[in-house]
Every structure is written in C-alpha cells, then in structure tokens.
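Enquirer: Okay, structure incoming, though there's no sequence with it:
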C-alpha cells in the first residue's frame, strides 16, 4: 500500500487485497449476525396469550413501517433526481453517487426494519424466558444477543458498502461515498423523526389518560393506547435507533475515507477501512463475552464487555497502524516529503482518542442519568417541592451535562487536530473511526433497552408472568434505560466528529471548485477567506443554530399534537364503549395505532424538508461563507441541544424510578406525580427531538458538501447567475415556509376541537 | 465635519461644536428626567398601612443593593487592575480605558439603584392613585412617567458619557470607549444575574408554599416570603433591567463609535452620536404623548406612543443624514475616493432598518406572548391534558419564536451588511443606533411592568384597596407583562447588533495587532484567515455555544437552590410560629429577605466568573481563530437561548392568566394548577437566565476585543511565549472550575438537608 500511484486514482494489487479482506470481514459479520439470530429465534415463545399480544404489536409495527416506506420512497426518488442534477466531474461519478445514494437509503431502511422485526420477536422470548428457571440469565442473554444481531448487521452492511465503493471506484470513491452516506443519513433521519413521534405520541397519550386520569397502571390492557405504545417502542427505539446507528457508522466511515483520500490519494482509503474491520472483530468478542452473573447488576456486565472490547480495539488498532502505515510521511510520495511527524503514531493516537472518548461519554452519561449519582438524586429530591422544581432541576442537569459532554467532544476534536498537524482533519476522522470500533457493542447495548421494555409490556398485558419474573423484567428495563442514554451520547459524538471532518471536506470542495471555476481570478480564494470573518458568516452561524431550535421545536410540537389526538381517542373509547374499565370489553387498539401512524407520517415532513432545504437556501442565497457559518452553528448548537434533550429526559425518567423505589414518599405520593410530569416532558426530549438531531447534523453537512460546487459555479466564472442563485434560494425557502404553514394549520385545527370536560372519563 | 485631518486623531472646531450640542442634549434629557421625577413624587401616597408596606419593601431592596455594591466593588477593583495590565498604545489610552471602565460601572450601578428606588416610590403612588376617582388614568400616568424618568436618565447618562469621551479623546476615543462599555456591561450582567436570582427565588419560593401548598392567594401577608417577593420585583425587574438597558445603550453606542472611527477616523464619530441625540428628543415626545384613554387597552396606548416616536425618529434621522453626511465617500478624504455608494443614503437606510427591526420585534413578541393570539391560546388549551403538555407546548412556542426573532435580527444584520458595502460593519452599527432611538420609550414601557406588579402587591397586602381599584391594578399588571417581554426582545436585538459590530472590531484589532507584531512575517494574516475555516475554529464555536448553555443552567439552578431555601424557611415559620395562618402573628419577613440576599449574592459569582474568564481561556489557550469562533457561537446560541427563555416564560405566564380569566375551567381547576406549574418553570427562564444572556454576550465580546492584542502579542513576534499563554489559560480555566465546584458543593449540601414530610405545613 505504500506505492504511490501517479494519478492517485487507482489502487495497487496489494491494496485491492486489503480492501477485499475488509469486505470479507464485513461479510463474516453478517454471517455471525445470522448465527446469533438463529440462537435468538430458538428461544421459547411463552404462552398463547403472550404470543397473541406480540403478534398484535408486530403487525402494528410492520404496518407502520410499510406505510413509512411508501412515503419515503417518493421522497427518495425526488432527492435521487435532484442529486443526479448536481454538477459532477464525470458521468461515472454522477451515476455512482446517485445509485449509491439509493443503496445507502435502502440499507438504512432495511436495518431499521430488521431491528424492529427482530425486537418484536425477541420481546416475546425475553418475556417467556423470565418465567423459566434461571430465567434472569436466559432473558438477559436473549436480549443482548438480539442486540448483537443488529450490531453485526449494522457494522457488516456499513463496512461492506464502503469497501465495495472503494473497490469499484478507487480514487473517485469519495464522491460516490458522499451519495452513500447521504442516503443512509437522510432515511435514518426520517426514521428517527417518524418513529420518535410515533413512540412518544403513543406513550405520552397512553400515560396522560391511563396513569394520570384513570389511575390504571402502565401497559394495562384496558388502555386503548397500550398496543400503540408497544408498537412505538419498536418503530421508534428499535427501527429508528438501528437506522440511526447505521447512518452514524456509514457517514463517519465515509468522512474518514473522503479525508483520507484528500490527504494521501488512494493510500488514504485503506487505513480508515482497516480500523472498523478491527471493530467488527472486537464487537464479536464483546457480544460473546457478555454473560449475566447471578447477583451482578446487568449494567456492570454490559459495561465490562464494553471496556474489554474497547481495550482490545485500541491494542489491535495500534498494531495495525504500525504494520500498515509508514514511519514517515515521505513514504506516501514525494509531495509529502517535507511533512514532519510519524503517520503511524498520529493514526494510533487519533484512533485511541476516539476510543477513549467513547469510554468518557459512557461514564459522563452514566453519572448524569444514573440513579446512584448526585444529579438524578437532586432531581428526585426536588420532587418534594412539586413538578415545577422537578422540571427546572432536570433542565439544569441537561444543560450542564450537555456542556461537559460537548467540551469533552471538542477536546477530542482539538486533540486530534493538534496531533494531526498537516493532516489534522484526517486525524479527526480517524478518531471517528476509533469511536466506530465500539459501535457493534453499542448497538447491542442500545437494543437491549427497548427489548426489555417491551418484554415487560407483553408480560404485563398477558398477565401470564409471576412476581419473580416481573422483578427480572423490571431490572432489565432499568438497565436498558441507562444503556439507551449512553448510546445517544456516543451517537452524537460520532455526529460531531463526522461533521467536523465533513466541514473540512466542505471547505476543501469549495477551494477545489474555486480553483476550477475561478481561472484567472487568483485573488478569489483569499477574498473568500476574508469573508469568513465577516457579518455574513455570522448571519450563517445564527441561522444554523436557529434551524436546530426550529427542528427541536417542530419535533416536540409534533409529539404534543399527535399525543393530543391519542388522548381524545382513548377518552372517547372509555366514554363510548361500555365495559372497558370493567375489563369485559376489549378497547379498539387498532384505531389508536392507525391514528398515530397517520399523524407521525404526516408530521415528519416538515422537519425533514427543513433539514434538506435550509442549507440549500443559505448556500445559494447567502453564499459559501454564510453556509460555512451555517454548518458551524448547526454543529455547535446541535451537539448541545441533542445532549441536553437526551440527558434531561434520562434524568427525569430515572428520578421517577427513584421515587418509585420508595424515596421521597414513593409511588402514589405527590412527589411521584411530580416526577411523572417530568418524565412525560422528557419523553419527546429524549426519544424524538434529541436523537433526531444526530442524523440532522449529518444530512445538513452532506447536503452542503454536495451543493458546494454548484454554489461556486453559479457565483463566479462563466456560469455565474445571481438570478438563478436567488431563484433556487427562494424556492427552497418557499418549500420550508409552506410546509411549516401547513403544519401550523393542523395545530390550530386541533386547538379548535370543541373542548371537552378536562377529565370526562373519570365519571364513566 | 467634512474636513479630513491628516492623522484622523483630532476633531475640528465644527466637530467639537456638534459633539458639545450632543452633550447638551444629553444633559437636557437628565433635566427632563428630573422634572418627571418631581411629578411622580408629587402624587398621593395612600394610607399609612400602604406606606408601611412600601417602606419595608424599600428597605429590603436598598439593603440588598448596598450589599451587592460591596460585593461588586471588590470585583470591579480586580477587573480594573487586570484591565490596566493589558497592552495599550499609550499611557493616556491605558489610563482612560481603566478610568472610564469605572465610570461605566458606576453609571450602570447608579441607574440600577435609581430605577429600584424610584420604582419603590412609584409602586405606592400607583396603588394610591387606583383608589381615587378617575384612578385608572392617574395610575397609568404615574407608572409610565416613572418609566420616563428611568428612560431619560438611561439615555442621558449613556449619551453624555460617550460624548465626553469623544470630546476628551477624539481619535483615541475607541479604546477608552471599550473600557466604558465594558464597565457598563459587566456591572449590568451582575445586576441582572443577582437581581434575577433574588426576584425569582423569592417569587418561586413564595408561590410553592403559598399558592401550591397552603392554597393562599399571591401576596397574602401570611406568607413570610411576600415582602421578599416584592423586594425581588424591585431589585430584579427594576434595578437589573435599568442597568441592562443602560448597558445595551452604552455598548451599542460604543460599538458604533469604534466602527465609525475605524471607517472614517474622527469623521465617523459624529453621526453615531447625532442619531441617539435625536432618540432623546423623540423619547421625550413619546413619554409626554402617552395618555391613557378611557376604555382603551393600556397596551394600545403604549404601542401608539412607540410607533409615533419611531416614525419621528426615522424622519429626523433621515434629515440628519442628508444634512450632516456627504453624498459621496470621496468627501471623507482621498483614501475613500474609490468607494462607490452614497454615505447619506447608506446611513439613512441603516438607521431605518434598526427602527423597523424594533417595530417587528414588538409585534412578533406580542404575537407569541399575548393572550389574544394563537400560541398562548394553544398553551392554555394544553392545560386540559395536564402540566406536562403545558410545559411541552410552552417550550415549542419558545423555540419557534426564538427562530423567527433570530431570523429577523439576522436579516437586519444582513440587510445593513448588503447596504453598507465597504463600510458594512459600520452600517450594522448604525442600524444599532437606529434601535437606540427607541430605547427611551422602551425603558419607560419596561418599568411600567414591575411598577404595576408591585402596586398590586402593596394593595393586596394592605387590604386598603376596593374591588374596582384592584381591577385597575390587575389590568395594568397584564399590560406590564407584555411590555416586559417586548423590551427583552429589543434588548437582545441590540445585543446581536452590538456584538456583530464588536465582532468586526475584534477582527480588526487582530489584524492591527498582527500588523505591528508580525513585522517581516507578511504571510501571517492569510495563515490566520486560513485557520478560521479549520477544526480549531469549530471547537471555538462549540465552546461558545456551550458557555451559553452553562450560564443558563447555572442561573436556573441558582434560582432552584435559592428558592428551595425560601421554601424551607417559610415552611419552618408556618410550623414553628403559632398564629401565622390565623393572621394573628406576623411572619418574620426580614429573615426571608436576608436568606435570599445572601444566596443571590453568593450565586452570582459563578456565572459572572464564567463570562469573564471563558473568553480569556479560549483566547490564550486556543488562539485568535478559536476565539473568533467562540464569539460567533456565543452570539448565535445566546440570541436563540435568550429569546427562547424570555418567550416561553412569557407564554406560560399569560396562559395562566388566560385560565384565570375563566377559560378551560378557570381558577382552582386542574387546568389552572397545570398552568401555575408552567408559570413557575417560566419564572427563572424569563426573569433570570434569559435577560442575563444579553449583557453576557456583550461582556464576552468586550473581553475578547480587549484581550485580542495581548493574545497576538504572546502568540507571535518577539514576545511570543507558549508557556505564558498556556499559563494564563490554565489559570482562567482553574478559576471557572473552582467556582463551579464550590457552587456544586452548595447544591449537594442542600440536597442533603434532612428530608421533611413533603407538605409538613398542611397539618399545621
């Protein structure tokens, strides 16, 4: 691989060999995923009643995803055509970029679908296992192995896709990879938003009528929204999360490959593939060593697996760096002769920075959202002075933890930047690939959460589970809550690293475009750079930050609206259908599922359009300097907002658990009611708006990278046309405005629904 | 004034004349303020009982401000010394900068003190007026005239200070003005934070025990926290707000003068003084034409005055531009000969952009926080499904309104930027001075709010007011709520414009420093500019945004903590002092005032230190590129956060009023309880964290501008020392970390207070 090809556009024979090995490792991951799948499916399926409930949930989830697929297909085709219309260096690149956009999109959706399908299978089996002798170990193993399947497929497909692109396109791979990453990120964003709205609308709606008004327990079969709630856990937490983590994996890898090739030509394409291949190996180890021990907290078990596999990753990556990378930049070719520094050392340190970052985020998130530490205890304590102080203290925890996490991420970026010297951005990208080595285990951890949660739901609804089994499931659910918060922190870290790297690639792409479009205007680049510090750029930063606020507001609002519809429907059923409360008549579960399906698909359009068209409007309307500012603002504000939303939500959830465990008055006290309000506020924070910001950041970055050459082409040189630029910007703004206005209309319509007695059903 | 002086360092005789006229206008404003003051003090003072209560409030407020003055003096002296140590071009500049820092600080504090003192005088008189015949008109006039006094003194002192600096220092004025603005902003920030914590800790604490636990009305004399609550309204809403608006005025003016002189030498110092002088005249008109009409909503009256004075300002500014500015840039001197564009037109359009911006913010804020529009109605509607949905919908409203307001502000910046051409930043600053012409009326509007609020408090506590009078006071209070929200929006707009202008002056000061420090290293500036687009800068943007989150979290947390202390004390008094509930024994009001005074002064240290030392740490630690990113991140994120906090708080407050007016079940319903929770959450949002972000942004900008030359000096050239730079950064970080750790300790200590029965007093 140390051969330097004149054009830097082709791979040498040895290089092909290495990429082929990586592809084989990726396929091996898929094979191991299949083995784990067989193991999960072989587990017992419990009683007929449990199976019946699981089937209802599975059908609801499948129906939702099918309708979502149809909606997204239309959107995908439109974007495919737009992408095809964008400037490209060659037809091969143009076609490859668009085709791999579709591949990325299909992979993203498929992994989401599979994650959901698998979770619905696993829920039942975990619930069934809890009834058996030694059930705790079996239940935990099934739940974690389920995560293992999703983890293997996530890393397998991500790595395989990237390796195929590199094999097929070599030096042109970067442009094609942009398409691949964009497809993955776009679909993941939609699945996160849609699934997030679904799951929280159903959950909040179910809780508002069930727990708050009717005082019946969670997952009580008399609540018409219970099946929808369980469907939501699968389409939101499983499908959305799996697609999101796949997208994080793919985009990070894409960013590393793009920057690698920018720095070293095809030589730079290999190491970013080797590191995640190592990650596949360590993920397999991680999944197989996770064995529940009696009397050991499940979180301890999972954390141990994480740390062991992280250490193995670090060691193997260091070895790989010294084997595959030269000791001097000069070995990459004469043009790098003057560069000081040792590539192998830089790569090793960068990758380790990424791995350490994952470990620190794990601990930070655990500290801020875990029940055994100060912050959640404080939130619990404030429940004694009512819901308002619970909300305020949770918001403080969220703000504070966002700051620390953001600063740790920034420190990692800065560290890689310092180490990297002249290849600073590539070092940042390598730190990102270091993070990726942990993704396999992370996905497994994340899936654990919703599977346990749903298993508990099935058990509760079927009534076929004794007290000891219920205890096991409750314990697993609590562990799942924390693992979910951790993976969100790590997902946002990949977003920042990938976005930083892509930000660099954006600048690079502008510089290149200026180079080709600006012949004879040699002063332009420095004029451009001058513009970076001016008011125009600052305007971009403000708009970038504003889009994050807008997106969050839209997502939260969408949940409120959809949850409102659920509340009205459930109340209606309690009122109009006799015998529900007595348990003699079954509520119409399907109607609630339909309502939430319809609403969440309708609601995902506006935030989705905003993500795609806002950078187009800024880029064409205000220019590349403002667009650079826009990206910086979106990355910075998005990081903080995402962590704030995830961690305040996590803290409220666990503060409620703290009270339910008998502190501050326990279940049924005023303090408990206060924490239930906190938890309800936190629901759309942590499961809708927060996690969707991660793909949002990447979608906006990739859109910017993709449109940058066109913006430059229409700004200067022979194709310059202010009219065209303004025209495009106006159309983009109009699309956003119209979709916001339409969603406002809906909001008003709901508010105009004839007011009912606040608690109409209580009388019933 | 069109004479071009060789050095650009001295004013011509005619120029002196103009500045002297401006100074006289400023003094005239102070004289008119005195006349208005006499009028206010001449009003009737009501019953003995009312006077007794007013006296208690006044004593508490004065005691707090005296202790605050002592605390701030120490801080002021330390900063004075640090400032003196910073590099300067000459001893005159160094001394002037430090001395005028103190002048700015003393002005800021004095206006705050005066605002508070006057409000306590006016509260009583407004309450007294409401009892008389035709009381509504008198009450409204007294309240608005009180605001007029503060408004006149704000613009008078701000303009007088700036004029004196220009007269004394001419071409060296910019550096000295930096000191003046910094002093004003720093003290205003502390007064905003300290007063904000005081007012909301007392308010939230009083509500939690009074309204929520004991079910007694607001301002009930049996509540030990009522006097503290009323003291808080004066030290927070009056003292803090007056200092804040003075600081907004001063810093905006300073920014305009700095950029004016950068663009045109001393010629550029005149027009930015003429525009606010016009503002003084229109403010006088605005205050005198505000006359309450029978059957007209007070808000309509006030808005009319605003619009009339805004139109007069616009016309007069346009006339002034064409009279005082030349029709061509060449008239400023030969070095501007090649610049196209008409200075008079640019100035006119820029100033009008600022005035229009104020009007749009007025309408936007009114829309999002007024009870008659969709957003607040929606929040009110969600009260039917409980507190959680109230919180969620309020947060959505806040996010959304923040986006629109931020985009309008960004559009104003961009508009001025486009119009300005080569003097783009000066045009932004002129737009800022356009905004300033409305400040006199704005201050009058803002003061109206707390004065009416407190008048109601005094009336309620004294029991000496009949139903009709109470009705008048309630109406005035509701009007005051909206005017308060509007002024916050306008204050943040001045922050963005001033910060954008200062951001430019930061870049300029870096470029200058590079020019002098970087002799023989001609490539440095472009290297520096290159760095702007790299990962380092992005790290700065992330940290800048993070500081805004941290500051907000600290402020909210401080209120929670201090309110907790109030709750425990009030509960203790109810429990231990017999006869309070029966009204036979007076609670110990003074103890609650003492507790809040102590806590709020203790709590303001951490956010204050963060604001001053974070830019120092970033600048010296990561360099000027990162610091530029830091400022951009802080401005963007700060703008959105400030508006989000102000408007969600305002929406919750008015949603509660909507329910209290009989909607959704009315007072005492579940819906009402839900909106009370929303309002309590909104209290520290809108009155502590939100408004303090405005001075925060400016303090951070001014610190950056002040340290920029030192950062460059230690980075390159003969004085370069990495050790010194890192050393300074480490000390700055250490100061922040230690103060955060100390405030964490307090937090833990409170959480460890032995838990009492959640509602111990209910039994009593």
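Expert: Okay, I see it. This is a predicted model, so every value here is computed, not measured. Numbering: from 1, shown residues only, chains lettered A, B, ... in the order given.

Enquirer: Could you list every helix and strand in contact with the strand or helix carrying residue A:38?
Expert: Assigned by DSSP states H and E, residue A:38 falls within helix A:13-42. On a contact count with 3 or more CB pairs under 8 Å, 6 or more residues apart in numbering or on different chains; DSSP states H and E, helix A:13-42 meets helix A:91-131, helix A:135-169, helix A:271-289. Any C-beta I mention is one placed from the backbone N, CA and C, and that applies to glycine too.

Enquirer: so how far is it from its chain's centroid?
Expert: When C-alpha coordinates are averaged (CA atoms, centre = their mean, to the nearest Å), helix A:13-42 and its chain have centres 23 Å apart.

Enquirer: cool, and stretch A:549-559?
Expert: Distance, stretch centre to chain centre, for stretch A:549-559: 17 Å (CA atoms, centre = their mean).

Enquirer: same thing with stretch A:208-224?
Expert: On CA atoms, centre = their mean, the centre of stretch A:208-224 falls 30 Å from that of its chain.

Enquirer: Enumerate every residue touching the residue of the stretch 251-400 of chain A found nearest chain B.
Expert: Closest residue of the stretch 251-400 of chain A to chain B, CB to the nearest CB: residue A:399 (3.0 Å). By CB atoms under 8 Å, 6 or more residues apart in numbering or on different chains, the contact list for residue A:399 reads A:644, A:648, B:549-550, B:552-553, B:556.

Enquirer: One more: residue A:233?
Expert: By CB under 8 Å, 6+ apart, the residues touching residue A:233 are A:119, A:199, A:203, A:450, A:453-454, A:457.

Enquirer: From those, pick the one nearest residue B:709.
Expert: Nearest to residue B:709 among the contacts of residue A:233 is residue A:199, at 54.1 Å by CB to CB.

Enquirer: wait, residue A:450 sits on residue A:118?
Expert: No - if you go by CB atoms under 8 Å, residue A:450 and residue A:118 don't touch, sitting 10.8 Å apart.

Enquirer: Name the residues contacting each of these two.
Expert: Both residue A:450 and residue A:118 are contacted by residue A:238, under the criterion CB under 8 Å, 6+ apart.

Enquirer: more crowded one of the two?
Expert: Under the neighbour definition other CB atoms under 10 Å in any protein chain shown, residue A:450 and residue A:118 were set side by side, and residue A:450 has more, 34 against 25.

Enquirer: What distance do you get for that one to residue B:234?
Expert: According to CB to CB, to the nearest Å, residue A:450 and residue B:234 sit 52 Å apart.

Enquirer: that older thread, could I get the contacts of residue A:399 as a markdown table with neighbour count, distance to residue A:358 and pLDDT?
Expert: Putting the contacts of residue A:399 into a markdown table (neighbours: other CB atoms under 10 Å in any protein chain shown; distance: CB to CB, whole Å; pLDDT from 0 to 100) gives the following:
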| residue | neighbour count | distance to residue A:358 | pLDDT |
| --- | --- | --- | --- |
| A:644 | 28 | 20 | 94 |
| A:648 | 31 | 22 | 92 |
| B:549 | 24 | 22 | 94 |
| B:550 | 26 | 23 | 93 |
| B:552 | 31 | 28 | 93 |
| B:553 | 22 | 25 | 90 |
| B:556 | 27 | 30 | 88 |
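
Enquirer: can you tell me which of those residues lies nearest to residue A:632?
Expert: Using CB to CB, residue B:549 comes nearest to residue A:632 of the contacts of residue A:399, at 16.3 Å.

Enquirer: and the gap between that closest one and residue B:114?
Expert: Separation of residue B:549 from residue B:114 (CB to CB): 34 Å.

Enquirer: next one: residue A:94
Expert: Taken as CB to CB, the span from residue A:94 to residue B:114 is 69 Å.

Enquirer: ditto for residue A:721
Expert: Taking CB to CB, one finds residue A:721 at 58 Å from residue B:114.

Enquirer: Which one's more surrounded, those two?
Expert: Using other CB under 10 Å, the more surrounded residue of residue A:721 and residue B:114 is residue B:114, with 21 against 12.

Enquirer: Could I get the contacting residues of that one?
Expert: B:150, B:153, B:242.

Enquirer: Buried ones among those?
Expert: Listed as buried from those are B:150, B:153, B:242; burial here means 16 or more other CB atoms under 10 Å in any protein chain shown.

Enquirer: Need the per-residue pLDDT for the first one.
Expert: Note for residue B:150: predicted pLDDT of 90.

Enquirer: surely it meets residue B:112?
Expert: No - judged on CB under 8 Å, residue B:150 makes no contact with residue B:112 at a distance of 9.8 Å.

Enquirer: just to revisit the earlier point, now, the contacts of residue A:399 that are in helices?
Expert: Of those, the ones assigned to helices by DSSP state H are A:644, A:648, B:549-550, B:552-553, B:556.

Enquirer: Widest-spaced pair of the residues you listed?
Expert: With CB to CB as the measure, no two of those lie farther apart than A:648 and B:550, at 14.4 Å.

Enquirer: Flag every residue of the stretch 601-750 of chain A that's near chain B.
Expert: Within the stretch 601-750 of chain A, the residues that sit near chain B (CB under 8 Å from any CB of the partner chain) are A:622, A:628-629, A:632-633, A:635-637, A:639-640, A:644, A:664-665, A:669-671, A:676-677, A:680-681, A:684, A:747-748.

Enquirer: Can you turn the buried part of the residues you listed into a PyMOL selection?
Expert: Remark: buried members of those, expressed as a PyMOL selection using 16+ other CB under 10 Å:
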select buried, chain A and resi 622+628+629+632+633+635+636+637+639+640+644+664+665+669+670+671+676+677+680+681+684+747
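
Enquirer: got the buried residues for the helix or strand in which residue A:639 is found?
Expert: Assessed by DSSP H and E, residue A:639 sits inside helix A:624-660. Neighbour-count burial for helix A:624-660 flags A:624-659 (criterion: 16+ other CB under 10 Å).

Enquirer: Just to check, residue A:537 is in contact with residue A:625?
Expert: Yes - Residue A:537 lies in contact with residue A:625 (CB under 8 Å); the separation is 4.8 Å.

Enquirer: Return every residue with contacts to both of residue B:150 and residue B:112.
Expert: By CB under 8 Å, 6+ apart, residue B:150 and residue B:112 have these common neighbours: B:238, B:242.

Enquirer: Give me every residue in the stretch 351-500 of chain A lying close to chain B.
Expert: Residues of the stretch 351-500 of chain A lying near chain B by CB under 8 Å from any CB: A:374, A:377-378, A:381-382, A:384-389, A:391-393, A:395-396, A:398-400, A:402-403, A:406-407, A:409-410, A:413-414, A:416-417, A:424-425, A:428, A:496, A:500.

Enquirer: Likewise for the stretch 201-350 of chain A?
Expert: Proximity of the stretch 201-350 of chain A to chain B is confined to A:204, A:208, A:212 under the rule CB under 8 Å from any CB.

Enquirer: Quick check: the last one vs residue A:200, distance?
Expert: Using CB to CB, residue A:212 is found at 16 Å from residue A:200.

Enquirer: okay, the two: which has more neighbours?
Expert: Set side by side, residue A:212 and residue A:200 show more neighbours around residue A:200, with 32 against 19, by other CB under 10 Å.

Enquirer: Name all residues that make contact with that one.
Expert: Residue A:200 sits next to A:232, A:236, A:559, A:563, A:683-684, A:687-688 when contact means CB under 8 Å, 6+ apart.

Enquirer: rerun at 6 Å
Expert: For residue A:200, the contacting residues are A:559, A:683-684, A:687-688, by CB atoms under 6 Å, 6 or more residues apart in numbering or on different chains.

Enquirer: give me every residue that touches the residue nearest to the spatial centre of chain A.
Expert: The centroid of chain A falls nearest to residue A:244 when counting by CA atoms, centre = their mean (3.4 Å). By CB under 6 Å, 6+ apart, the contact set of residue A:244 is A:188, A:192, A:695.

Enquirer: Quick check: mean pLDDT of the host helix or strand of it?
Expert: For residue A:244, the element it lies in under DSSP H and E is helix A:241-264. Mean pLDDT, helix A:241-264: 86.

Enquirer: neighbouring contacts of stretch A:415-427?
Expert: Counting by CB under 6 Å, 6+ apart, A:259-260, A:263, A:339, A:341, A:346, A:349-350, A:353, A:428, A:431, A:501, A:504, B:535-536 sit against stretch A:415-427.
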